[in-house]
Structures are given as structure tokens and as C-alpha cells.
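In: Below are the sequence and a predicted model for it; my questions follow.
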Amino acid sequence: MDATPENNTTLKGTSPVVPIAVNRPCAAVACGDCGVYRLCVPLGLGGGDLSLLESVVRRQQTFRRGELLYCTGEPLEYIYAIRSGSVKTYIATEDRRVQVTGFHIAGELLGLNAIESRRHKCQARALETTSACMVSIERFEQLAKQQPAIQYEMLKIMSGEISHYQELLLLLGKRNAEERLAAYLLSLSRRFAKRRYSATEFNLSMSRSDIGNYLGIAEETVCRVFTRFQEEGLITTRRRYIELRDIERLKAIAHEPSCRAVAVAGPVSGA
């Protein structure tokens, strides 16, 4: 899900950010806009001391489109902070059926749901060329015992996870196809805005089939609703590029409170 960075200002204590062209693939998020940044600040990143940070973030790794970051049942070694690109998480059943559990964009975290069992509960696959910072869970937990602020920030992140999945249950249980798709587009809009990307123009790196799987509707229905939204002037689509042209009407369809401010931060999904 490539997006258009709206603010390339380098935050104090972070790595310099190179300006990126509109809709360039694999657009990197600034460190200050990354989900793991809230955990880095107690380690001294905000003050410019990177020594503790470097002991936790072991390395950055680039994954090609279709490449797995981790598989179901693998031991938990790292939390992945997506720096650029996008990832889908899913569960494959014994009868080879697949359930998509989430789509994750630059700045979001992966692997949090494996902390309790110490093994990954799903698979994570890159939807495009994706770069991720790999945070050592062992080293992180050692430092968390020494830094209460880290534990508090992790608690807030986990709270956001719970809120997200509560909203997803409501979405799947109480809304029709149009309402689900409108709510999904608005959720992406908020998440991109939170990372200082464009809230109204972005690329959908996931397929229509995956969107339908995630939202619990048929692929044909997804395509039909997209066409209807475009005909009514709510969105513009060109292949995977999408522009949200009428946020207020989308909110009305999704039964969300009307507000003129588009860039509202919402809970970030992770798996």
C-alpha cells in the first residue's frame, strides 16, 4: 500500500529522511512515525543516544513481494516494525482454506500476538517490496525489566490492538457489504494519516480477493461496490491506485460520526 509522504521533516534524534516521490514503491516511514518509536524513546532515541536502540533493533531486512516474514508455529525471535511496503497476515487451515487476519502498512508492528505463546500464530507475507526493522524480543524484554516506561508504552500498544479487533468484530457482525468496504477505506485513511502520508490518495497493494476475504464478502461483491462508489463520485480508482473523493459520504455509509478533519489518528492493526 504505497502512500504519499506529506511531511519529510527529520525529527530530533532520528535518521534523516530522504524525500520520496509521490506513489513511489516502498516509500519509507520516518522513524518518528514508526510504531516502534514509542518503545525506542525510553531507550534514549529521543535524546540522540542510539546505543541501546542498536542493541534491540538487530538489523533491517528487505523482503520481496510474496516472501514470508515468518510462518505459523515458528518460534518468536523478533517483533517486526515495517519501515516501508506492506504485509498481510493470514491463517491457513488444515483443509487449505485461508483467512486473512490483517493488512499492515509502514510504521506498524507485526508479531505482537506471539508474545504469550512464544510462537507465531499466523503467517506474514510481503504484498510488495517491504523493509522491516527486526526488534530482538529477548533483548527487548531484558530492557523492559529495567525501563518501566517501556512496559507502559507496550501496554498502550496492546490496548490499541484490542480496540482494533473489537471494531473488526463489530464490522463483520453488524454491517452490510457497502458499510464494510466504506469503513475499511476510512480505516486505511486514518492509518496513513497517522504516519503522515496522504489520507485520501494511496495504492491498495492487496488484491480484491484478499479484501473480500478479510471483510467476509465475495470478491465479486468487492468489485461491484468499488464500481458503485466510483460511479457515485465517492472514490476514483485506477487499477490499485485509489483516491477518496467524498470522505463525508463514506462516513455516512459506514455510520461513522461526520467530521471535516480527515487526518484523525485511529488504532493501528497488528498481528
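Out: Good, I have the coordinates.
In: Helices of the stretch 1-150 of the chain, residue ranges please.
Out: Ranges of helices in the stretch 1-150 of the chain, per DSSP state H, counting those that start in this stretch, are 37-40, 51-56, 137-146, 148-174.
In: Highest mean neighbour count across these, which stretch is it?
Out: Of all the helices of the stretch 1-150 of the chain, helix 37-40 has the most neighbours on average by mean count of other C-beta atoms under 10 Å, namely a mean of 22. C-betas here are computed from N, CA, C, even on glycine.
In: can the helices of the stretch 1-150 of the chain go into a markdown table with extra columns for distance to Gly102 and mean pLDDT?
Out: Formatted as a markdown table, the helices of the stretch 1-150 of the chain follow (distance: least, C-beta to C-beta, whole Å; pLDDT from 0 to 100):
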| stretch | distance to Gly102 | mean pLDDT |
| --- | --- | --- |
| helix 37-40 | 20 | 57 |
| helix 51-56 | 24 | 56 |
| helix 137-146 | 19 | 82 |
| helix 148-174 | 9 | 79 |
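In: Serialize these to a markdown table and add fields for distance to Thr129.
Out: As requested, those are arranged in a markdown table below (distance: least, C-beta to C-beta, whole Å):
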| stretch | distance to Thr129 |
| --- | --- |
| helix 37-40 | 22 |
| helix 51-56 | 24 |
| helix 137-146 | 25 |
| helix 148-174 | 26 |
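In: Flag the shaky bits of the stretch 1-150 of the chain, pLDDT-wise.
Out: Across the stretch 1-150 of the chain, the ranges flagged by pLDDT under 70 are 1-58.
In: one step back: of all the helices of the stretch 1-150 of the chain, which lies closest to Arg118?
Out: helix 137-146 (8.5 Å; C-beta to C-beta).
In: Check the offset of that closest one from the chain's centre.
Out: Helix 137-146 has its C-alpha centroid displaced from the chain centroid by 24 Å (C-alpha atoms, centre = their mean, to the nearest Å).
In: and the closest residue to Ala199 other than its chain neighbours, which of the three is it?
Out: Nearest non-adjacent residue to Ala199, counting by C-beta to C-beta, 6 or more residues apart in numbering: Ala193, 3.9 Å away. With DSSP: H, G, I helix; E, B strand; the rest coil as the basis, Ala193 sits in helix.
In: Ala193: neighbour count?
Out: By the criterion of other C-beta atoms under 10 Å, Ala193 has 20 neighbours.
In: Ala177 too?
Out: Neighbour count of Ala177, defined by other C-beta under 10 Å: 17.
In: what do you get for Glu94?
Out: For Glu94, using other C-beta under 10 Å, the count is 5.
In: Please report how far it lies from Gln123.
Out: To Gln123, Glu94 is 14 Å away according to C-beta to C-beta, to the nearest Å.
In: one step back: got a pLDDT number for the residue nearest to Ala199?
Out: Among the per-residue scores, Ala193 holds a pLDDT of 89.
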